[in-house]
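Asks: got a sequence here, can you model it:
(one chain, ligands or ions: 2)
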Amino acid sequence: MIETVYYIPKHEISDKQCREGMVVEPKAIASLIRSARRPILITGGKLLEDENLVRYAVKFHKKGIPIVATGASSKPLVENGVKPIFVSRTLHYLTQYMLDESWKGFDGKGGYDLILFMGFTPAYLSRMLSALKHFSNVVTVSIDEFYQPNAKFSLTDFALIVRDELCIGCGNCVIVCPYNAIECQSIVKNGRRLTVDVRFCKDCEYVFCADSCPYDAIEFRKGGEIYYKALDVILNNL
Ligand code: SF4
Ligand code: SF4
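Replies: Residues are numbered from 1 along each chain as shown. Ligands and ions are numbered 1, 2, ... in the order given. Now for the predicted structure:
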């Protein structure tokens, strides 16, 4: 089955009103990393229980991003051939260290301008990110599965999947979308009908498009496999 995955930055009313952090799609995070002068990845203890996260941390390392490991996350990294540039017992200690006025980065050459976080529990990371807001020149980016309101940018794990082969181009989804976010192109290209395009989705609360499709051609997915695919998109765009 041919599927097209559209990653949708999530906007909730409460986020807009109360939070600073933006939820962005994977390619936007890749672009932030590419434009950073000195990015680093800080890993947390979840790596010990999720071998997928270890695999992705290793891939980020292979792309030239140094790793700072906290908690038990250094163990699986070292076992997979990655030597962190710094190891801290907890993110709390590390944050204190970074907040120290004399902090010159982990190699003494000065600070980092983009910090990626992966493998943390949401509430804990949120507290540490709140403290790190003192670093106005550092872009904090959560690439964990959950929205981090205190990170400047968080990875979206919200995606609309369009099963191109099932779509007959009836236009129901186009009509019900409150944001006119869907384009329907009933033309045939390379023997295949071009189907709906939900690039402009505003992540409405009810996902009317999926509910209105008589052919189950649109599906909303979140977390799990979609999250790891999003990490793939970041890595493929570095
Ligand atoms: S109906 Fe809602 S979820 Fe579907 S494309 Fe429109 S804004 Fe996005
Ligand atoms: S409602 Fe379903 S079948 Fe109709 S255009 Fe939308 S995705 Fe295609």
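Asks: so what's the spatially most central residue of the chain closest to, chain neighbours aside?
Replies: Residue closest to the mean C-alpha point of the chain, counted by CA atoms, centre = their mean, is residue 155 at 2.2 Å. Using CB to CB, 6 or more residues apart in numbering and skipping residues adjacent in sequence, the residue nearest residue 155 is residue 143, 4.8 Å away. Every C-beta, even on glycine, is put in place using the N, C-alpha and C of the backbone.
Asks: my guess is the one you found contacts residue 118, does it?
Replies: Yes. Taking CB atoms under 8 Å as the definition, residue 143 is a contact partner of residue 118 at 5.1 Å.
Asks: tell me the helix or strand right after the helix or strand encompassing residue 124.
Replies: Taking DSSP states H and E as the criterion, residue 124 maps to helix 122-132. Moving toward the C-terminus from helix 122-132, the next helix or strand (DSSP H and E) is strand 139-142.
Asks: name every strand pairing with that next one and say which way it goes.
Replies: Strand 139-142 sits in its sheet next to strand 114-118 (parallel), strand 153-155 (parallel), going by DSSP bridges.
Asks: residue 224 and ligand 2, how far apart?
Replies: Taking CB to the nearest ligand atom, to the nearest Å as the measure, residue 224 falls 23 Å from ligand 2.
Asks: number of nearby residues for that residue?
Replies: Number of residues near residue 224 (other CB atoms under 10 Å) recorded here: 11.
Asks: and it, its phi and psi?
Replies: Here is the backbone geometry of residue 224 (degrees, to the nearest 10): phi 50, psi -120.
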